[in-house]
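Enquirer: Structure for the following, please:
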Amino acid sequence: MSTLQGGPSVPDGRVESIQVSRGGVPKLEIEGPVEITARGVAGDRQANRLIHGGPDRAVCLFSDEIIASLRDQGHPIDRGTTGENLTLSGIEWPRLTESARLRFGTVEIEITKAANPCRNIAGSFSDGDFNRISAKLHPGRARLYARVLTPGSVRAGDAVTLLVPDRPDRMSSAAPREMSSRSDNAPE
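Expert: All right, here's what the predicted structure looks like:
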């Protein structure tokens, strides 16, 4: 882990896969390198731009470990079926709170909020209960939205470094700030 002031960098995880779609789910895995800009992942489209996409929701992230855990419970979830662009492994997911920053490839992003689940991803769950990845009901198990601070390219296999803010009011691993409960159904 490094600090935002440029301390030594030790990878915390890795990019397992990159997914895009022409709108909706599932998002399908693509080969890299892939460009990521403030507008999002190259080649990715959102069906409803009022509740998806935009500068504060440019990239959607999810944990490979959470996907594997749900699959072990018998759910048909897979990378991209819940709409994430990047599937990451090795990151302590509950540490990714609002304002946490990640660096991978030549890209740096900042977490903005949890992505509220909706009925469009119900097929990822054997009982249709998409709230299994709700930040309100299951803190630390939600998909996350991020804004792009430094555009660039990424590919599967890239190391991921969690950048710890030097201001304790921005993030604390001892007492993470709760993700915004603001509804994704409201335009920003």
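Enquirer: List the contacts of the spatially most central residue of the chain.
Expert: The residue lying closest to the centre of the chain (CA atoms, centre = their mean) is L61, at 1.5 Å. Contacts for L61 were tallied using CB atoms under 8 Å, 6 or more residues apart in numbering; they are 84-88, 96, 102, 111, 143-146. C-betas here are computed from N, CA, C, even on glycine.
Enquirer: Tell me if it really is in a helix.
Expert: No. Read with DSSP: H, G, I helix; E, B strand; the rest coil, L61 is strand and lies in no helix.
Enquirer: in stretch 156-165, what's buried?
Expert: 156, 158, 160-165 (16 or more other CB atoms under 10 Å).
Enquirer: Quickly name whichever of the residues you listed is closest to E31.
Expert: Distances from E31 to the buried residues of stretch 156-165, taken as CB to CB, are shortest for A156 (7.8 Å).
Enquirer: follow-up on the earlier one: between the contacts of L61, which is nearest D44?
Expert: Closest to D44, out of all of those and judged by CB to CB, is N85, at 6.1 Å.
Enquirer: Output the below-cut-off pLDDT ranges for this protein.
Expert: 1-9, 47-53, 165-188 (pLDDT under 70).
Enquirer: Going along the chain, name the strands of it.
Expert: Ranges of strands in the chain, per DSSP state E, are 2-3, 13-20, 28-29, 34-37, 40-41, 59-63, 86-89, 101-104, 107-114, 144-150, 152-154, 159-164.
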